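1. here's my sequence, what's the structure:
(2 chains)
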Amino acid sequence: GAVVSQHPSWVICKSGTSVKIECRSLDFQATTMFWYRQFPKQSLMLMATSNEGSKATYEQGVEKDKFLINHASLTLSTLTVTSAHPEDSSFYICSARATGTAEAFFGQGTRLTVV
Amino acid sequence: EDQVTQSPEALRLQEGESSSLNCSYTVSGLRGLFWYRQDPGKGPEFLFTLYSAGEEKEKERLKATLTKKESFLHITAPKPEDSATYLCAVQGPTFGRGTSLIVHP
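-> Numbers count the residues shown, from 1 in each chain, chains lettered A, B, ... in the order given. Got it, this is the predicted structure:
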């Protein structure tokens, strides 16, 4: 089956610093990747959609300058949380979809804690 | 705007007690309805894709069905290891809020 690897699985950072999260499709080419945020006992909140080689499309209310998304290759997308603050603490999950397919496969998620 | 509503929000079953989870959807042209399983602290795990009314798919104790307005995830003789949150989504992707299933031994 399709495997998506997300790294790191957890990270603790100081307020004001930046954190980068990687999402890799290991056995398929992901033309589209999605980034989600999930609060405890809540469903997935789509933050942005990125297509390889193009700028990401952000959902309403998501700050582009704070959550930088790069999708430079068909197997890698990164999410950088810039100048992180405690309210950015959350579970971040990526998913990836191959060309011509409908299914998206998820990474393991990254638990971000900003102290 | 695509919409997905899942019910019930939470479901408690005894081991072996079969039941169904519901996913109602509104889309302008369905290009796929997806079921995922999510365990606490992990990313969702893909289960099924359904494309057209009348389609059914099975995996172990799970069977997903689709009509023009809703999908059901039937769980037959569940075991404690089936405890998880089950998420439904349509293209977009647009996710429902999920059904939290707990199966007691």
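2. A:Thr110 reaches A:Ser5, doesn't it?
-> No: if you go by C-beta atoms under 8 Å, A:Thr110 and A:Ser5 don't touch, sitting 11.3 Å apart. Placement of C-beta: from N, CA and C, glycine included.
3. the two: which has the busier surroundings?
-> A:Thr110 (23 against 16; other C-beta atoms under 10 Å in any protein chain shown).
4. and the more buried one, how far is that from A:Leu79?
-> According to C-beta to C-beta, to the nearest Å, A:Thr110 stands 8 Å off from A:Leu79.
5. list residues touching both of the two?
-> A:Ile21, A:Tyr92 (C-beta atoms under 8 Å, 6 or more residues apart in numbering or on different chains).
6. test my guess that A:Lys20 contacts A:Leu79.
-> Yes: between A:Lys20 and A:Leu79 there is a contact at 7.3 Å, judged by C-beta under 8 Å.
7. quick one: which of those two has more around it?
-> Ranked by neighbour count (other C-beta under 10 Å), A:Lys20 and A:Leu79 place A:Leu79 first, with 26 against 14.
8. for the more buried one, helix, strand, or coil?
-> Secondary structure, DSSP: H, G, I helix; E, B strand; the rest coil: A:Leu79 is strand.
9. my read is that it contacts A:Lys66, right?
-> No: checked against C-beta under 8 Å, the pair A:Leu79 and A:Lys66 is beyond contact range at 10.6 Å.
10. does A:Tyr36 lie in a helix or a strand, and which?
-> Per DSSP states H and E: A:Tyr36 is located in strand A:30-38.
11. next SSE after that strand?
-> Once the chain leaves strand A:30-38, the next helix or strand it forms, by DSSP H and E, is strand A:45-51.
12. output the below-cut-off pLDDT ranges for chain B.
-> Applying pLDDT under 70 to chain B flags no residue at all.
13. show me which residues of it sit near chain A.
-> With the criterion set to C-beta under 8 Å from any C-beta of the partner chain, chain B comes near chain A through B:31-32, B:34, B:36, B:41-46, B:49, B:51, B:87, B:91-93, B:95-98, B:100.
14. which ones among those residues map onto strands?
-> Residues of those located in strands (DSSP state E): B:Phe34, B:Tyr36, B:Glu45, B:Phe46, B:Thr49, B:Leu87, B:Phe95, B:Ser100.
15. got the contact list for residue 2?
-> All of this refers to chain A. A:Ser25, A:Asp27, A:Phe28, A:Ala96, A:Ala98, A:Glu103, A:Phe105, B:Phe46.
16. other chain: chain B
-> Contacts for B:Asp2 (C-beta under 8 Å, 6+ apart) come out as B:Tyr25, B:Thr26, B:Val27, B:Ser28, B:Val90, B:Gln91, B:Gly92, B:Thr94.
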